[in-house]
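S.K.: with the input below, show me the fold.
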Amino acid sequence: MNSLRITAGKYRGRKIATPGGATHPMGERERLALFNMIVNYVPGAKILDAFAGSGALGIEALSRGAAEAIFIEKSAEACRVIRENLQNLDLAAEVWRGDVKKFTTENKFQLILADPPYDNFEISEVTHLLQFLRGSGIFVLSHPGEAPEFAGMTLLKSRKYAGAGISVYLKG
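M.R.: Numbers count the residues shown, from 1 in each chain. Prediction:
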């Protein structure tokens, strides 16, 4: 099992495990860039980490002051790793195992982080998540190619890193 480091905040420098297999943890450079783009939206936020993999994005947000997090991940092994990572950092958060398209909750989130697999990128899965974003919420998407457009969303920032794009949207 591989590991990666938390880049900033309370748990800066701490290592978390990655499940390997089909997951593709976002690199440190990309995570730093992503969080630099949304630095003002993280403190106190209720966040959703979709396609969570190791939980790195959600854990990074919690390290930087997010109030609470829910993780969505389809892989049983990845869910086990997320729970282990949370336990090792003494963090409490919900880990929801299942397909993103089947996720449902009454919660509304100030920040949704989505890092879907590029080899099976489905815009319908990503669009499903938008209903859980509160008004004036921020949606962050890691994606192949150009930044997709979403009804009711304004593209605030978009950056390219090798074959990956990171785009930040505002609802409303």
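S.K.: contacts and neighbour counts: CA atoms only from here.
M.R.: OK.
S.K.: which residue ranges of this structure form helices?
M.R.: Secondary structure of the chain by DSSP state H: the helices cover 28-38, 56-63, 76-88, 123-129.
S.K.: tabulate the ones you listed (JSON lines), appending distance to residue 148.
M.R.: Shown next, in JSON lines, are the helices of the chain (distance: least, CA to CA, whole Å):
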{"stretch": "helix 28-38", "distance to residue 148": "17"}
{"stretch": "helix 56-63", "distance to residue 148": "21"}
{"stretch": "helix 76-88", "distance to residue 148": "27"}
{"stretch": "helix 123-129", "distance to residue 148": "8"}
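S.K.: tell me the pLDDT of the spatially closest residue to residue 100 that is not a sequence neighbour.
M.R.: Leaving aside its sequence neighbours, residue 100 sits nearest to residue 125 (CA to CA, 6 or more residues apart in numbering; 6.2 Å). At residue 125, the pLDDT value in this model is 89.
S.K.: same question, the one 5 residues further on
M.R.: The predicted structure scores residue 130 at 97 on the pLDDT scale.
S.K.: which ones are touching it?
M.R.: Each residue near residue 130 by CA atoms under 8 Å, 6 or more residues apart in numbering is listed here: residue 139.
S.K.: okay, now the unreliable bits of this structure?
M.R.: 1, 21-24 (pLDDT under 70).
S.K.: so for it, which residue is the most central one in space?
M.R.: By CA atoms, centre = their mean, the chain has its centre lying nearest to residue 113, at 3.1 Å.
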